[in-house]
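**Q** Structure for the following, please:
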Amino acid sequence: MKPYAIVFNCYFNGLSIIQELGKNNIQCIAMDCVRDIGTFSKYAKYQKCPDPLENENDFIHFLYNFCKELDSKPVLFPTNDHWAVAISKNKKMLSEVSIPVVADWETVKILINKDLFYKIGAENNYLTPRSWSFNELNNLNEDNFPIVAKPTFRRISSNEDLKYITENMDRLRFNVLKNKEKLNAFIKNEEKFIDKLIFQEYINGMSDRMYTIGIYANDCSEILGLFTGHKVRGYPADSGDCIVGECMKVPDYVIENTKKIVKDLKYSGIAEFEYKKDSVSGEFKLIEVNPRAWSWIGITAACGVSLPLIAYKDSCGQKVEFTESNLKDGSVKYVKIIPDFFNCNFNYKKNYPQWSMSFSEWIRDINTKKIVFAEFNAGDWNISIKVLYSTLVEILGYLNNLIFKHNNKG
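**A** Modelled structure (predicted):
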């Protein structure tokens, strides 16, 4: 019997891994502290566990004992920062009973703490944007603006209640400050969180200027799978999570930069390297490295480089040859079809009208040779039913609020 795969944080990134492995006859366990969308997949059994965001020790103790009871070591796939941090910090102990697909803590610590990574990035010319700590802001002149304020980290595992902090880190994920006056006002308003923020040069462009290099590297930091793609639309438009992504080539120097970082930091496991192509200069800048699977990893299998399957096979000792995506740009798209429909037909009108389009324009825009629908996967109709039901509830709730407001005005 093949070893189980245990997938943590079962939102759409976790769901994509579950579906890809499940279709390849690999039994999956959807382990999460809540019943997220992936826990309803027919390819997985749901297992509730403690939340590592605030109960790291309890989570690790639970996971260790759970894995110990299985017939063979399961392969662990964390898909969000705090799950990756918890497993990486305890990788040595967990390796007694499992096979974690995550880098060693010395490496993950650098990537999670962005102030540390940007410092190393500047020293080693990793194409990272210029950054400043709070104490260096007095050295800025008007030529340095606009700048961006963002968290040094958004989620880490802990034995404390960090929900208040993480909620505010989500709120402060991307703040463009156009001049010193705006900077000073921001510092005054967000004084209690300033020590958790880093300030960085602004790379021109919206979320459609973001490019992803997704990799899987083995324990010797040899890349066995490499995918390159482009974020077509995010929500919010300026810096939001990917709603539509597509396969797309990137320049060789960007790939070489990625390979260099993997080797230098002795990285192993799945990772997403997020670059932004400046809309003015055309330069690629490395915004961050996510040391785990990312939100639209579901596109990789359709591009012939299934990172989840490559990671699983290599972790189980099977021989894996290097594979990379090499398709025509835009020939494969990953689409969260329901939110993209509402964003393009309604939501963008208010905050980013350039991306607003009619229904027929939207249909033409998403149409391509091959489409991976996040919510609709042939053979896993449990997910489709769950998504449609949740969407209907949201629409009815929205309409109910409109009626309530209208009646109160009357």
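**Q** which SSE is the closest residue to residue 316 other than its chain neighbours in?
**A** Closest residue in space to residue 316, ignoring its immediate chain neighbours: residue 3 at 6.0 Å, by C-beta to C-beta, 6 or more residues apart in numbering. For glycine as for every other residue, the C-beta is placed from the backbone atoms N, C-alpha and C. For residue 3, there is no enclosing helix or strand under DSSP states H and E.
**Q** Roughly how far does residue 3 sit from residue 41?
**A** Relative to residue 41, residue 3 is positioned 18 Å away (C-beta to C-beta, to the nearest Å).
**Q** Give me the more crowded residue out of the two.
**A** Applying other C-beta atoms under 10 Å to residue 3 and residue 41 shows that residue 41 carries more neighbours, namely 24 against 18.
**Q** list the contacts for the more buried one?
**A** 15, 18, 19, 22, 28, 30, 380, 382, 383 (C-beta atoms under 8 Å, 6 or more residues apart in numbering).
**Q** Residue 294 versus that one, what's the distance?
**A** Distance from residue 41 to residue 294, by C-beta to C-beta: 19 Å.
**Q** just residue 311 next, same as before
**A** Taking C-beta to C-beta, one finds residue 311 at 13 Å from residue 294.
**Q** more neighbours, those two?
**A** Neighbours were counted for residue 311 and for residue 294 using other C-beta under 10 Å; residue 311 has more, 27 against 23.
**Q** wait, the more buried one sits on residue 77?
**A** Yes: using C-beta atoms under 8 Å, residue 311 is in contact with residue 77, at 7.3 Å.
**Q** tell me, what's touching the two both at once?
**A** Residues within reach of residue 311 and of residue 77 at once, by C-beta under 8 Å, 6+ apart, are 101, 270.
**Q** where along the stretch 1-150 of the chain do the strands fall?
**A** 5-8, 28-32, 44-48, 75-78, 99-100, 131-132, 147-151 (DSSP state E, counting those that start in this stretch).
**Q** can you confirm residue 272 is in a strand?
**A** Yes: per DSSP: H, G, I helix; E, B strand; the rest coil, residue 272 lies within a strand segment.
**Q** top helix in this protein by residue count?
**A** If you go by DSSP state H, the chain has its longest helix at helix 381-409.
**Q** Can you give me the buried ones in it?
**A** 383, 386, 387 (16 or more other C-beta atoms under 10 Å).
**Q** Quick one: the strands in the stretch 201-350 of the chain, in order.
**A** Using DSSP E, counting those that start in this stretch, strands in the stretch 201-350 of the chain cover 210-217, 223-235, 241-247, 269-277, 284-290, 323-324, 332-335.
**Q** mind checking which of those is nearest residue 257?
**A** Residue 257 lies closest to strand 284-290 among the strands of the stretch 201-350 of the chain, at 6.9 Å (C-beta to C-beta).
**Q** For that closest one, name the packing helices and strands.
**A** helix 105-112, helix 114-124, helix 252-264, strand 269-277 (3 or more C-beta pairs under 8 Å, 6 or more residues apart in numbering; DSSP states H and E).
**Q** hmm, who's touching it?
**A** The contact list for strand 284-290 (C-beta under 8 Å, 6+ apart) reads 81, 111, 114, 117, 121, 126-129, 203, 210-211, 250-251, 253-254, 257, 261, 271-278.
**Q** Show me what the nearest residue to residue 207 once chain neighbours are set aside bridges to in the sheet.
**A** Once flanking residues are discounted, residue 207 sits nearest to residue 234: 3.2 Å by C-beta to C-beta, 6+ apart. Beta-bridge partners recorded for residue 234 (DSSP bridges): residue 242.
**Q** Just to check, residue 234 is in contact with residue 242?
**A** Yes: counting by C-beta under 8 Å, residue 242 is a contact partner of residue 234 at 5.6 Å.
**Q** Residues that sit against both of the two, list them.
**A** 207, 210.
**Q** Between these two, point out the one with more neighbours.
**A** Using other C-beta under 10 Å as the criterion, residue 234 and residue 242 rank with residue 242 on top: 25 against 21.
**Q** residues touching that one, list them.
**A** Neighbour list for residue 242: 207, 210, 231, 233, 234, 295, 296, 334 [criterion: C-beta under 8 Å, 6+ apart].
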